[in-house]
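> A predicted structure for the sequence below; I have some questions about it.
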Amino acid sequence: MTATATDSTDNQHAVAQGHAVRHPALAALTVGAIGVVFGDIGTSPLYAFREALSQSAADGIDPSEILGVLSLALWTLFLVVTIKYVIFLMRADNQGEGGVLALAALARRSLGLRSRFALILGAAGASLFYGDAIITPALSVLSAMEGLRTIPAAASIFDEGVIRLCTIVILIGLFLLQSRGTAHVSKLFGPICILWFLVIGGLGIWHIADEPSIARVIWPGYGIRFLASHGVVGLFVLGAVFLTVTGAEALTADMGHFGRLPIRIGWFSLVLPALTLNYLGQGAFALSALERAAASGQTFTNQDWFFLMAPEAFRPALIVLAGMATVIAAQAVITGAFSLTQQAIQLGFLPRLRVRQTSADFQGQIYLPAINWLLLFGVLVLVIQFKTSSAMAAAYGIAVTGTMVVTTCLAYLVVRHRWGWRRPLALAAILPFLTLDLIFFGANILRVIEGGWVPLLVGAGVGLIIYTWVRGRGIVSAFEKRQAIPIVDLAAALAKRPPERVPGTAVFLTANPASAPGALLHNLKHNKVLHAQNLIVTIRTADRPMVQPEYRAHVERLDDDFATVTLTYGFMETPDVPRDLPRELGVEQKQMGLNPMKTSYFIGRNTLKPEADKGMPLWQDRLFMFLQRNASDPTDFLRIPPGKVLELGEQVTV
């Protein structure tokens with residue numbers, strides 16, 4: 001019933017840019033972007049510098065190591081986020097939409113018949129994203145709650161067990177709220193995050209004043225010398241340093257909600273300065289602590305530098321603010337998982353899932369119950385299994401770096417084939433970014449045993465589901481094509497020998513409009529009747545986020561009795577067949593209207609039969625059958641009234 005629109009179909013349909021509702025004020029969009037786009041990367045100072053410094057702490061920490069780690073952290077921000085994403089990759093949007101699947105769709109349209117590689121990359125990037133989606137809420141909220149241990153009066157009360165319990169309660173509450181939508185509370189995201197960035201920037205300035213020479217780490221030589229002198233340890237540090245840029249993918253993924261300019265304004269005017277000042281402040285604070293320890297003859301240990309920067313009296317307020325900021329970061333990732341899943345369903349990567357609209361004003365506000373509860377289960381398992389944010393941090397970087405490698409490869413396809421750059425110029429633009437991504441990916445691979453296997457396992461599981469679903473659908477589609485009769489031939493045969501006619505309109509949903517739908521053939525075979533008007537309807541997904549309503553339906557009349565209707569949707573849209581079927585279907589002899597009260601919908605639903613010697617292996621047959629059984633009812637997905645649907649089909653061996 002669904003298919004992906006080809007280039008020829010794209011030429012017939014125009015596409016609306018952006019979502020149905022957009023705020024006209026640039027300031028409002030910028031505030032919204034700060035509250036949603038930068039939540040993840042904005043909370044990385046809670047743990048990134050601490051974890052990176054801990055990787056070099058085995059034989060003690062000296063000033064050169066603090067300076068080297070800090071220099072690497074800042075230049076990772078400058079190179080990966082500022083240059084790669086904000087300046088370069090944000091230009092590669094798909095009708096205003098970004099993210100790995102939007103980029104894959106854009107690359108696919110550019111490659112034409114050679115698009116399989118782009119689809120594989122898109123599926124790989126989407127699979128890795130889910131690994132990131134279960135780690136971000138767990139790590140962010142847990143790291144904020146661990147700040148309670150920096151309050152001397154509360155340290156004895158809030159041990160690891162109590163902190164985990166607080167984290168679990170907050171996360172369960174967050175996921176329980178998803179079904180109600182975030183339209184109302186999201187208005188607070190921007191102001192809270194603006195306050196957050198002002199506070200962390202202010203803390204940084206306060207401690208930079210104690211050690212102004214810390215600004216010298218802006219010179220990249222400190223980071224380069226650190227890597228050259230520390231060997232394998234330097235690679236482990238580099239893997240931990242990458243925690244400073246987790247969340248960078250959100251800059252492109254959320255372009256469709258806010259636009260390129262507001263995100264750039266938010267980054268350069270507030271987020272980048274605040275992050276830079278805070279990391280410099282943490283480095284200055286660590287240097288001062290090192291000097292005090294050396295002067296007093298005490299052993300210097302790595303600590304929770306972020307919370308210790310704040311005076312003890314203000315620390316509880318900072319912990320509350322950090323808790324709110326990390327909940328916002330977790331919310332952004334959860335929303336991103338919902339949006340990515342909707343795109344994957346529309347592109348045919350995943351079976352249909354129940355999608356609920358949670359806002360009447362914003363099209364992007366959706367809720368997927370199955371994804372919500374699966375994410376919550378994964379998040380709780382991580383919190384219980386890893387216990388601390390330091391243990392969990394080892395698992396974080398692999399999914400993010402893997403997604404970044406995929407994004408960079410897709411960007412090359414867009415630059416080379418969509419923008420038309422010559423190969424040497426395209427390689428000169430992309431290879432430095434790809435080299436940087438691969439270095440970080442290699443550094444994070446070293447931490448697989450520490451916990452990096454978690455996102456790889458999640459990504460592999462999602463990838464297996466995508467592969468099984470796509471392959472199974474291909475087998476079913478091939479079977480249907482073998483059984484198919486051209487609709488033109490059937491219409492001509494029925495015109496010569498018409499069966500019993502009944503009043504009303506029959507809508508037959510099919511993925512191949514050139515062939516007679518199986519439900520139509522079964523209706524003729526068993527019921528031996530034909531409706532007065534018969535529509536062969538195909539749902540197509542364009543390689544674009546939105547399609548203008550006036551270009552949604554394409555009607556081709558075969559004769560007085562049959563017409564084919566193609567309904568094209570963007571990959572960010574939810575189909576609504578009854579709403580979008582044209583009310584008047586023109587034909588020269590007469591005008592035939594579509595009466596919703598006299599319309600019946602016929603859907604083909606084949607019974608799947610596993611067989612070890614054909615198609616897929618037996619275990620994969622059973623997995624595909626499980627996915628098929630648990631897919632959302634097509635009537636619900638296509639918004640068809642259940643009381644007007646008839647399902648007909650036959651047995652198919654997969």
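Ah, there it is. Residues are numbered from 1 along each chain as shown.

> surely residue 480 meets residue 521?
No: because the distance of 10.7 Å does not satisfy Cβ atoms under 8 Å, residue 480 is recorded as not touching residue 521. Yep, even glycine has a C-beta here, placed from its N, CA and C like the rest.

> joint contacts of the two?
Both residue 480 and residue 521 lack any common contact, where contact means Cβ atoms under 8 Å, 6 or more residues apart in numbering.

> and the pLDDT for the residue nearest to residue 250 when sequence neighbours are not counted?
Counting by Cβ to Cβ, 6 or more residues apart in numbering, the nearest residue to residue 250 once its immediate chain neighbours are dropped is residue 37, at 5.1 Å. Looking at residue 37, its pLDDT is 87.

> do the same with residue 23
Listed pLDDT for residue 23 reads 43.

> and residue 381, by the same measure?
Reading off the model, residue 381 has pLDDT 92.

> if we can go back for a sec, got the contact list for the residue nearest to residue 250?
By Cβ under 8 Å, 6+ apart, the residues touching residue 37 are 250-251, 254, 258, 263, 266, 332.

> list only those of those residues flagged as buried.
250-251, 254, 258, 263, 266, 332 (16 or more other Cβ atoms under 10 Å).

> coming back round to it: quick one: which of the contacts of residue 37 sit in helices?
250-251, 258, 263, 266, 332 (DSSP state H).

> quick one, strands of the stretch 551-654 of the chain?
For the stretch 551-654 of the chain, the strands defined by DSSP state E, counting those that start in this stretch cover 553-557, 562-569, 584-586, 591-593, 599-604, 607-609, 645-648, 651-653.

> quick one: the ones you listed as CSV, columns for distance to residue 417, mean pLDDT and mean neighbour count too.
Formatted as CSV, the strands of the stretch 551-654 of the chain follow (distance: least, Cβ to Cβ, whole Å; pLDDT from 0 to 100; neighbours: other Cβ atoms under 10 Å):
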stretch, distance to residue 417, mean pLDDT, mean neighbour count
strand 553-557, 27, 89, 15
strand 562-569, 23, 92, 22
strand 584-586, 38, 62, 13
strand 591-593, 43, 55, 12
strand 599-604, 36, 89, 21
strand 607-609, 38, 77, 14
strand 645-648, 42, 82, 16
strand 651-653, 37, 67, 14
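
> tell me which of the ones you listed lies nearest to residue 130.
In terms of Cβ to Cβ, the element of the strands of the stretch 551-654 of the chain nearest to residue 130 is strand 562-569, at 23.5 Å.

> output the contacting helices and strands for that closest one.
helix 487-496, strand 529-541, strand 553-557 (3 or more Cβ pairs under 8 Å, 6 or more residues apart in numbering; DSSP states H and E).

> tell me which of these sits most buried.
Among the helices and strands packed on strand 562-569, strand 529-541 has the highest mean neighbour count (mean count of other Cβ atoms under 10 Å), at a mean of 21.

> helices and strands around that strand, which ones?
strand 2-4, strand 500-509, strand 562-569.

> which other residues reach the longest one?
Under the criterion Cβ under 8 Å, 6+ apart, residues 1, 517, 519-520, 523, 528-539, 577, 581, 594-595, 598-604, 634, 638 lie in contact with strand 500-509.

> and the next helix or strand past that strand?
Next along the chain after strand 500-509, taking DSSP states H and E as the criterion, comes helix 518-522.

> which residues are contacting that next one?
With contacts defined as Cβ under 8 Å, 6+ apart, helix 518-522 is touched by 480, 483, 485, 490, 506, 508-510, 534, 536, 602-604, 606, 646-650.

> give the rounded mean pLDDT of it.
Here the average pLDDT along helix 518-522 is 88.

> buried ones in it, by neighbour count?
518-522.

> one more: stretch 422-429?
Within stretch 422-429, the residues that qualify as buried are 426, 429, counting by 16+ other Cβ under 10 Å.

> centre of the chain to that stretch, how far?
28 Å (Cα atoms, centre = their mean, to the nearest Å).

> for it, C-alpha coordinates in PDB please.
Provided in PDB are the C-alpha atoms of stretch 422-429 (Å, rounded to 0.1, in the frame of the first residue of the first chain):
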ATOM      1  CA  ARG A 422      33.600  18.000  -9.200                       C
ATOM      2  CA  ARG A 423      35.100  15.000  -7.400                       C
ATOM      3  CA  PRO A 424      38.400  16.600  -6.400                       C
ATOM      4  CA  LEU A 425      36.600  19.600  -4.900                       C
ATOM      5  CA  ALA A 426      34.000  17.400  -3.200                       C
ATOM      6  CA  LEU A 427      36.700  15.200  -1.700                       C
ATOM      7  CA  ALA A 428      38.700  18.200  -0.600                       C
ATOM      8  CA  ALA A 429      35.700  19.500   1.300                       C
END
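
> what ranges does the stretch 101-250 of the chain have for its helices?
116-145, 160-176, 189-208, 221-241, 250-253 (DSSP state H, counting those that start in this stretch).

> do the same with the stretch 301-450 of the chain
Taking DSSP H, counting those that start in this stretch as the criterion, the stretch 301-450 of the chain carries its helices at 305-308, 315-346, 369-386, 389-393, 396-413, 423-445.

> which of those helices sits closest to residue 141?
Of the helices of the stretch 301-450 of the chain, the one closest to residue 141 (Cβ to Cβ) turns out to be helix 315-346, at 4.8 Å.

> now do the buried residues in that closest one.
Neighbour counts over helix 315-346 (16+ other Cβ under 10 Å) mark 315-316, 318-319, 321-346 as buried.

> next one: stretch 193-211
193-194, 196-197, 199-201, 203-204, 206-208, 211.

> show the average pLDDT along that stretch.
On average, stretch 193-211 scores 94.

> before we move on, the earlier item: tell me which of the helices and strands packed on strand 562-569 sits nearest to residue 428.
strand 529-541 (34.3 Å).

> between the closest one and strand 599-604, how many degrees?
Orientation note: strand 529-541 sits at an angle of 70 degrees relative to strand 599-604 (axes from the mean of the first three to the mean of the last three Cα atoms, to 10 degrees).

> just give me how far strand 529-541 sits from the chain centre.
Here strand 529-541 is found 34 Å from its chain centre; the criterion is Cα atoms, centre = their mean.

> please apply the same query to stretch 556-567.
The answer for stretch 556-567 is 37 Å, by Cα atoms, centre = their mean.

> and if you look at stretch 480-493?
Worked out by Cα atoms, centre = their mean, stretch 480-493 lies 40 Å from the chain centre.

> kindly report the same for stretch 478-494.
On Cα atoms, centre = their mean, the centre of stretch 478-494 falls 39 Å from that of its chain.

> show residues contacting it.
Stretch 478-494 is contacted by residues 511-516, 518, 520-521, 524, 530, 536, 558-559, 561-562, 564, 604, 606, 652-653 when judged by Cβ under 8 Å, 6+ apart.

> if we use 10 Å, what do you get?
Residues from elsewhere that reach stretch 478-494, judged by Cβ atoms under 10 Å, 6 or more residues apart in numbering: 508, 510-518, 520-521, 524, 530, 534, 536, 558-564, 604, 606, 615, 650-654.

> span of that stretch from start to end?
Counting by Cα to Cα, to the nearest Å, you get 26 Å between the two ends of stretch 478-494.
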